[in-house]
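>>> Here is my input; please provide its structure:
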Amino acid sequence: MKVNVEIDCTPLEARQFFGLPDVAPMQTAVMDKLQQQMLSNIEKISPESLMQSWFTFDPKLAERFQDMFVAMAGFGGTSKKK
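Now for the predicted structure:
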């Protein structure tokens with residue numbers, strides 16, 4: 001004997017039928033918290049802040065980057081030979 005039972009319901013209705021908790025408020029809270037963290041950290045990865053953080057520890061680093069880009073472009077370096 002073969003019996004087929006077809007139930008047409010939404011996932012929310014199925015969770016309610018089986019007595020599972022409604023997780024929508026928790027998901028909303030977690031997504032809001034994640035969005036707040038992402039927005040607060042997005043300023044740390046802006047091009048201006050990245051360049052500023054790279055060039056603050058060595059004053060000659062900007063000159064070295066310029067020499068490296070000039071050398072990569074094939075125009076020759078501006079570094080002084082000793």
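
>>> got any ranges where this protein has weak pLDDT?
54-59, 75-82 (pLDDT under 70).

>>> could you pull out the helices for it?
11-18, 24-41, 47-55, 61-73 (DSSP state H).

>>> do you know which of these lies nearest residue 1?
Across these, residue 1 has its closest neighbour in helix 11-18 (25.5 Å, Cβ to Cβ). All C-beta atoms are positioned from the backbone trio N, CA, C, and that covers glycine.

>>> so how far is the closest one from its chain's centroid?
Its chain's average C-alpha position is 34 Å from that of helix 11-18, according to Cα atoms, centre = their mean, to the nearest Å.

>>> I'd like the helices of the chain laid out as JSON lines, including distance to residue 1 and mean neighbour count.
Below are the helices of the chain laid out as JSON lines (distance: least, Cβ to Cβ, whole Å; neighbours: other Cβ atoms under 10 Å):
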{"stretch": "helix 11-18", "distance to residue 1": "25", "mean neighbour count": "11"}
{"stretch": "helix 24-41", "distance to residue 1": "40", "mean neighbour count": "10"}
{"stretch": "helix 47-55", "distance to residue 1": "69", "mean neighbour count": "11"}
{"stretch": "helix 61-73", "distance to residue 1": "77", "mean neighbour count": "12"}
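
>>> Adding distance to residue 2, write the ones you listed out as TSV.
Output for those, formatted as TSV (distance: least, Cβ to Cβ, whole Å):
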stretch	distance to residue 2
helix 11-18	23
helix 24-41	37
helix 47-55	65
helix 61-73	71
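
>>> Between those, which one is closest to residue 3.
Distance to residue 3, taken as Cβ to Cβ, is lowest for helix 11-18 among the helices of the chain, at 19.2 Å.

>>> what angle sits between that closest one and helix 24-41?
Helix 11-18 runs at 130 degrees relative to helix 24-41, counting by axes from the mean of the first three to the mean of the last three Cα atoms, to 10 degrees.
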